[in-house]
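*Asks:* kindly generate the corresponding structure for this input.
(one chain, ligands or ions: 1)
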Amino acid sequence: MHVHLVTIFPEFFATPLAVGIPKRARDVGALRVSLVDLREYTNDRHRSTDDYPYGGGPGMVMKAEPIIDALEAVRAGAPRVRRVLLSPRGPVLSHARAAALALESDLALVCGRYEGVDERVRHFVDEELSIGDYVLSGGEAAALVVLDAVARLLPGVLGNAESAATESFVSGLLEYPHYTRPEIVRGIGVPPILLSGDHAAVARWREAQARELTNRVRPDLVEE
Ligand code: ADE
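*Replies:* Next up is the predicted model:
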């Protein structure tokens, strides 16, 4: 997959793309990332990407044309690109949505800033996505969340083929609790069943734990 990050802060992504799963995804050739600097699509002396809102009011609005031009440039090289605007106005990202996006060949993630983007940008994207019901100072952090959630689902990225299939949200439940050495931490032990060597019993315990945990902290997931 080729991800095109459309942003006024390309430098925002340097470290996150150079570590962990996004790095591994790039190293194995499952992921390619291009940074699309919106300032390169401005045509005034100050290279402005924002302006005052029509009708007045506080804050600045991101100009439509640099974003539209940048998306058209991406599309010229990748005609099938799926264009996603990160914004608190979109539906909230889910595992199902990330899994669907992971099937795309090209993904353009448009990072808004300031008070918002010129409404006309919405005519030039395929969908809008939020990462949660709060307002970020910009879409960069949200784009990174989407990129991370998608990158780890790309074929060949996760070491253990099972780790993406058994985790939270795939089954509709939160994941069961994990423990590793040492056996006692600050006086707190490991549930004895995990030391029993009885794999079937461990599997039953984990399933029960996942259900109890989900019922307790995310009853909304159980409803679904
Ligand atoms: N931009 C600002 N807030 C956001 C959010 N919650 N999700 C996605 N993009 C955003």
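*Asks:* could you pull out the strands for the protein?
*Replies:* Along the chain, the stretches classed as strands by DSSP state E are 2-7, 32-37, 50-51, 61-62, 82-86, 106-111, 127-129.
*Asks:* okay, the ones you listed in TSV with mean pLDDT next?
*Replies:* Below are those laid out as TSV (pLDDT from 0 to 100):
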stretch	mean pLDDT
strand 2-7	98
strand 32-37	98
strand 50-51	96
strand 61-62	96
strand 82-86	98
strand 106-111	98
strand 127-129	98
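*Asks:* can you say which of those is nearest to the ligand?
*Replies:* Among the strands of the chain, strand 82-86 comes nearest to the ligand, with 3.7 Å by CB to the nearest ligand atom. Placement of C-beta: from N, CA and C, glycine included.
*Asks:* would the closest one count as contacting the ligand?
*Replies:* Yes. Part of strand 82-86 sits near the ligand under the criterion CB under 6 Å from any ligand atom, namely L86.
*Asks:* which residues touch the most centrally placed residue in the chain?
*Replies:* Nearest residue to the geometric centre of the chain (CA atoms, centre = their mean): V146, 1.4 Å. Residues near V146 by CB atoms under 8 Å, 6 or more residues apart in numbering: V84, L86, L93, A98, L101, L109, L129, I131.
*Asks:* equivalent analysis for A73, please.
*Replies:* Neighbours of A73 in contact, by CB under 8 Å, 6+ apart: V36, Y41.
*Asks:* and the gap between it and V61?
*Replies:* Separation of A73 from V61 (CB to CB, to the nearest Å) stands at 22 Å.
*Asks:* now do H2
*Replies:* In terms of CB to CB, H2 sits 29 Å off from V61.
*Asks:* just the CA coordinates for stretch 134-146, please, in PDB.
*Replies:* Taking C-alpha atoms only, stretch 134-146 is exported to PDB below (Å, rounded to 0.1, in the frame of the first residue of the first chain):
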ATOM      1  CA  TYR A 134     -12.500  15.200  20.900                       C
ATOM      2  CA  VAL A 135     -10.900  18.000  18.900                       C
ATOM      3  CA  LEU A 136      -7.200  17.700  18.100                       C
ATOM      4  CA  SER A 137      -5.200  20.700  17.000                       C
ATOM      5  CA  GLY A 138      -4.700  19.100  13.700                       C
ATOM      6  CA  GLY A 139      -5.300  16.000  11.600                       C
ATOM      7  CA  GLU A 140      -1.700  14.800  11.700                       C
ATOM      8  CA  ALA A 141      -2.000  12.800  14.900                       C
ATOM      9  CA  ALA A 142      -5.200  11.300  13.600                       C
ATOM     10  CA  ALA A 143      -3.600  10.400  10.200                       C
ATOM     11  CA  LEU A 144      -0.800   8.700  12.200                       C
ATOM     12  CA  VAL A 145      -3.400   6.700  14.100                       C
ATOM     13  CA  VAL A 146      -5.100   5.600  10.900                       C
END
